[in-house]
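[1] requesting a structural model of the entry that follows:
(2 chains)
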Amino acid sequence: MTMLIASWNINSIRTRLDQLISWLQKVSPDVVLLQETKVLDEAFPREFIEDSGYNIAIHGQKSYNGVAILSKYPLEDVQVGFSGQEDPAQARYLEAVTNQVRVASIYVPNGQEVGHDKYLYKLRFLDNLYHHTNTLLTLNEKIILGGDYNIAPFDQDVYDVKKFQDRILASPVERQALRKLTNAGWIDAAAAYQKAHDLNPETFYTWWDYRQGSWEQNRGLRIDHFLVSPQAADCIDKVGVDAETRGNTRPSDHAPVLLTLA
DNA sequence: ATGGTAGGGATCCTA
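    Below is the predicted model of the structure:
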């Protein structure tokens, strides 16, 4: 039995509810990890999503951030935020077990610009997350950490290396912070799949700026990732980006990332 | 170096 897991920064679930519903019907993922829902829990549009056949776990706040997990299977052991999170009021982490796989929907802070207070907050968030994810590794479970990490790990994940070499989303210090977390024992599913099958890295971009026709010129970055435990990596069948969704009318600036577990 | 676009919700903040 295969399991299709998606991660998508939807950039307001209320603005894009119609797109989400038709996308669920077209792609039929078993599990969806959403970021930037931008809605309080009491205003989350549960009904249409449940009518499409999904159970829902949510962790929202007003205007900013917000994460959610949708699953065709029951959602068990739901955890809101993570132990050691600096500011739990920022809705950036939601974890649950579904169909015997532990999944997390993660929204790492953007950081604004290198050196900014928000950049330092981003680095602290990653360090705190590192400690939590190390604890998760000791469970020896199938675990999928999906989300918007707001970091392009390697030069091949950026359309213009020079332009981004010391900039937010690709600066060496934030890359190192993500590398430290990953190297503790997680597998970057898309990077591994791209390399193993010698695929064009450009086809793994997940985000295109709304400005200056970035999408039309494929000026993208790979900043949304699945970090998976070794037990889950053994089951990976396919990894890809549903870039078609970025071409929608009034799209999110992110495309969904898709992972198939055998 | 600047400012370009989008969403939320308030006339600016975040990305």
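[2] give the buried residues for stretch A:123-136.
    A:Phe125, A:Leu126, A:Asn128, A:Leu129, A:Tyr130, A:His132, A:Thr133, A:Leu136 (16 or more other C-beta atoms under 10 Å). Backbone N, C-alpha and C define where each C-beta goes, glycine included.
[3] let's see which of the residues you listed end up in helices.
    Residues of these located in helices (DSSP state H): A:Phe125, A:Leu126, A:Asn128, A:Leu129, A:Tyr130, A:His132, A:Thr133, A:Leu136.
[4] A:Tyr54: which of these is nearest?
    A:Leu136 (24.0 Å; C-beta to C-beta).
[5] which residues in the stretch 101-250 of chain A form strands?
    A:101-107, A:143-148, A:187-188, A:207-208, A:220-221, A:224-228, A:236-241 (DSSP state E, counting those that start in this stretch).
[6] give me the sheet partners of the second one and which way each runs.
    When pairs are called by DSSP bridges, strand A:143-148 turns out to pair with strand A:101-107 (parallel), strand A:224-228 (antiparallel).
[7] distance to DNA strand B added to those, as CSV?
    Listed next are the strands paired with strand A:143-148 as CSV, based on distance: least, C-beta to the nearest atom of the strand, whole Å:
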stretch, distance to DNA strand B
strand A:101-107, 8
strand A:224-228, 11
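[8] okay, those strands in TSV with distance to A:Gln25 and mean pLDDT next?
    Listed next are the strands paired with strand A:143-148 as TSV, based on distance: least, C-beta to C-beta, whole Å; pLDDT from 0 to 100:
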stretch	distance to A:Gln25	mean pLDDT
strand A:101-107	21	98
strand A:224-228	22	98
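[9] most packed of those?
    strand A:224-228 (a mean of 27; mean count of other C-beta atoms under 10 Å).
[10] grab the CA positions of it and hand them over as CSV.
    C-alpha atoms of strand A:224-228 as CSV (Å, rounded to 0.1, in the frame of the first residue of the first chain):
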residue,chain,number,x,y,z
ASP,A,224,10.3,23.6,0.9
HIS,A,225,11.6,20.2,2.0
PHE,A,226,10.8,16.7,3.3
LEU,A,227,13.4,15.7,5.9
VAL,A,228,12.8,12.0,6.5
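[11] and the buried residues of stretch A:123-136, which is closest to DNA strand B?
    Checking the buried residues of stretch A:123-136 against DNA strand B with C-beta to the nearest atom of the strand, the nearest one is A:Phe125 at 10.2 Å.
[12] for DNA strand B, give me its nearest residue in the stretch 1-150 of chain A.
    Residue nearest to DNA strand B within the stretch 1-150 of chain A: A:Ser12 (3.1 Å; C-beta to the nearest atom of the strand).
[13] pull the contacting residues for that residue.
    By C-beta atoms under 8 Å, 6 or more residues apart in numbering, the contact set of A:Ser12 is A:Glu36, A:Thr37, A:Lys38, A:Val39.
[14] of all these, which two lie farthest apart?
    A:Glu36 and A:Val39 (9.8 Å).
[15] give me the common contacts of these two.
    What both A:Glu36 and A:Val39 touch, as defined by C-beta under 8 Å, 6+ apart, is the set A:Ser12, A:Gly66.
[16] up against DNA strand B, what does the stretch 151-262 of chain A have?
    Residues of the stretch 151-262 of chain A lying close to DNA strand B by C-beta under 7 Å from any atom of the strand are A:Tyr210, A:Arg211, A:Gln212, A:Arg250.
[17] which one of the residues you listed sits closest to A:Gly115?
    Closest to A:Gly115, out of all of these and judged by C-beta to C-beta, is A:Arg211, at 22.3 Å.
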